[in-house]
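1. what's the 3D shape of this:
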Amino acid sequence: MKIILIAVVVLAVLATGFFVAAGPEPHIVIPGEVVWKVGFMPITSTLMASWLAMAVLILGTFLMTRSMKLIPSGAQNFIESIIEFLYGQVEEIAGEKNTRRFFPVVGTFFLFILVANWIALTPIFKSIGWTKDYGHEIFHEIQEKAEKGKVFDKNKHFLAWQMEDAGGVGVAAPGARTFKFEIHEGDDPADVVDRYIVALAEFYTDFEAQSDAAHGEGHASREDVEAAFAALQADPKAPKFIAADKDAHAKDGEKHHGVTSHALGVTFTALEFPGDKIALVYPFFRAAFSELNNTLALAIFAFLAIEFWGFQSLGIGYLGKFFISPLKNPVLTFVGLLELISEFIRIISFSFRLFGNIFAGGVLLLILTFLAPFVAPLGIYGLELFVGLIQAIVFSLLLLVFAVGAVEHHGDEEHHDGDHHGGEGHETAHHLEPGAVQAH
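-> Residues are numbered from 1 along each chain as shown. Have a look, this model is predicted:
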């Protein structure tokens, strides 16, 4: 009885979720959405998220430490506890001397990745953004090809949601219907506009096409296009294709190029949406590390920091571990070259590990929110909190281990020098193989 009651409650919550919080069909893209451009530089949603994470860190630290006391309490005590814990962890691996060099970079990487991953789980991400009007965008694409007298030279896939308005800031509303349209390579604009008329009629009215040509390649039948056009004209809230007069003048009296329907033999110069629009929300914020550009930037900076510390410790002799004379030891020559290649491969492993985990988590949340709102995403949100922490630890720990490896060779040389000359000893650092960290 108890199990049945629990099952009923779960089903009721799921059903409520579908009616109240069902998200629109997800639109998944790998590059960050361009929010706006400053000159030649695109400002993407992932870059905005990076700036937001930096602002949270800077503002939060300022607010919690603006009245520093010798004996900390409250927020200052909290911040100092975190920094002290992280410093202790770095010192355990790198030793006291190296920690003073490594900690500012390693600690910053950890906190930045952690904050960026966790704020990406807040509701403002992936839900609020500017809207792109795809209803007019599709017609413009067809019109442009017709003006040039060319067929489409590549496939295009359009996905948009039904919205009350487009062209400003919008929110992805629960339960919004999804409009899909495809243009294929080699399609003639006159055929595409026929299929577009049928697709819009099916979306906005009760019209049903007799064939599937409207959603595929080739021609839509004349009967379907005529019936679809009539259905659009009959519904006052449905889109209206504006036909040019015999001199190709539009309603505004100006001469416009248009696209001529194959089935109707009419040239259309414009498309109006008196009711709901079909548009897509391009979010202002998306998880910072769900785009490869951002993780690649972190990886390159980490690589440069490791190499800098290596040269700082060994000077030009740092290259000695990569370039070994074959006359001295041919095997070590080969091993040195492999070591050199692995230095650059770290950039790939750094960037793809973080990108893959964060992007996959975001996709999983979107899909589950669409398929089973309310219950299922809650568990994944908890998992993503854990994944965000683990990825911050892995990235910063690998950076630390590789940095220790870069200067440890210097330590070994000092050790040998010390043996021969009775000189300086080297500081104690815990040896940790990079492979062991990667295995986690």
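2. just say helix, strand or coil for Ala209.
-> Taking DSSP: H, G, I helix; E, B strand; the rest coil as the rule, one finds Ala209 in the coil state.
3. measure it to Glu226 for me?
-> Remark: distance between Ala209 and Glu226 (C-beta to C-beta, to the nearest Å) = 11 Å. Heads up, the C-betas are built off the backbone N, CA and C, glycines and all.
4. which SS state does Phe181 fall under?
-> State at Phe181, reduced to three classes by three-state DSSP: strand.
5. might you report the residue contacts of it?
-> Phe181 makes contacts with 138, 158, 195-196, 199, as judged by C-beta atoms under 8 Å, 6 or more residues apart in numbering.
6. what pLDDT does the model give it?
-> pLDDT, Phe181: 88.
7. that one and Gln162, how far apart?
-> The gap separating Phe181 from Gln162 is 13 Å, by C-beta to C-beta.
8. and His219, how many neighbours?
-> Neighbourhood size, His219 [other C-beta atoms under 10 Å]: 17.
9. the nearest residue to it once chain neighbours are set aside: helix or strand, and which one exactly?
-> Spatial nearest neighbour of His219, excluding adjacent residues (C-beta to C-beta, 6 or more residues apart in numbering): Asp191 at 5.4 Å. Secondary structure from DSSP states H and E places Asp191 in helix 189-204.
10. counting by contacts, list what that helix packs against.
-> helix 134-148, strand 178-183, helix 222-234, strand 259-260 (3 or more C-beta pairs under 8 Å, 6 or more residues apart in numbering; DSSP states H and E).
11. and it, what's its mean pLDDT?
-> Taken as a whole, helix 189-204 has an average pLDDT of 90.
12. confidence score at the residue positioned nearest the centre of the chain?
-> The chain has Ser290 as the residue nearest its centroid, 3.5 Å off, counting by C-alpha atoms, centre = their mean. Ser290 carries a pLDDT value of 91.
13. verify the stated contact: the residue nearest to His219 with Ser261.
-> No. Assessed by C-beta atoms under 8 Å, Asp191 is found out of contact with Ser261, at 9.1 Å.
14. so these two - more neighbours on which side?
-> Comparing Asp191 with Ser261 by other C-beta under 10 Å, the one with more neighbours is Ser261, at 25 against 22.
15. against Ala227, how distant is the more buried one?
-> On the measure of C-beta to C-beta, Ser261 and Ala227 end up 13 Å apart.
16. Ile367 now?
-> Between Ile367 and Ala227 the computed distance is 36 Å (C-beta to C-beta).
17. try Lys2
-> As for Lys2, its distance to Ala227 is 56 Å (criterion: C-beta to C-beta).
18. who has more neighbours, those two?
-> Taking neighbours as other C-beta under 10 Å, Lys2 and Ala227 compare with Ala227 leading, 18 against 6.
19. enumerate every residue touching that one.
-> 201, 207.
20. check what pLDDT it gets.
-> On pLDDT, Ala227 comes in at 91.
21. also Leu271?
-> Listed pLDDT for Leu271 reads 89.
22. counting contacts, what elements does the helix or strand hosting it pack onto?
-> Here Leu271 sits within strand 267-272, counting by DSSP H and E. Applying 3+ C-beta pairs under 8 Å, 6+ apart, one finds that strand 267-272 contacts helix 134-148, strand 240-243, strand 259-260.
23. same thing but 6 Å
-> The helices and strands touching strand 267-272, judged by 3 or more C-beta pairs under 6 Å, 6 or more residues apart in numbering; DSSP states H and E, are strand 240-243.
24. quick one: residues in contact with the strand it packs on.
-> Under the criterion C-beta atoms under 6 Å, 6 or more residues apart in numbering, residues 251, 266, 268-272 lie in contact with strand 240-243.
25. so which of the residues you listed is the most crowded?
-> Phe268 (25 neighbours).
26. where exactly do the helices run in the chain?
-> 2-20, 45-65, 74-119, 134-148, 189-204, 222-234, 292-314, 330-371, 376-421, 434-439 (DSSP state H).
27. redo those as JSON lines? Include distance to Ile242.
-> Output for these, formatted as JSON lines (distance: least, C-beta to C-beta, whole Å):
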{"stretch": "helix 2-20", "distance to Ile242": "38"}
{"stretch": "helix 45-65", "distance to Ile242": "34"}
{"stretch": "helix 74-119", "distance to Ile242": "46"}
{"stretch": "helix 134-148", "distance to Ile242": "10"}
{"stretch": "helix 189-204", "distance to Ile242": "12"}
{"stretch": "helix 222-234", "distance to Ile242": "11"}
{"stretch": "helix 292-314", "distance to Ile242": "41"}
{"stretch": "helix 330-371", "distance to Ile242": "35"}
{"stretch": "helix 376-421", "distance to Ile242": "43"}
{"stretch": "helix 434-439", "distance to Ile242": "61"}
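28. and this protein, what are its domains?
-> Domain assignment for the chain, taken from the TED database, gives 31-121+289-408, 129-246+257-283.
29. between the two ends of the last one, how far is it?
-> Domain 129-246+257-283 stretches 4 Å from its first residue to its last (C-alpha to C-alpha, to the nearest Å).
30. how close does the closest residue to Phe322 other than its chain neighbours sit to Ile306?
-> Counting by C-beta to C-beta, 6+ apart, Phe322 lies nearest to Leu340, which is 4.1 Å off, once chain neighbours are set aside. As judged by C-beta to C-beta, Leu340 and Ile306 stand 13 Å apart.
31. cool, Leu159 as well?
-> For Leu159, the distance to Ile306 - C-beta to C-beta - is 42 Å.
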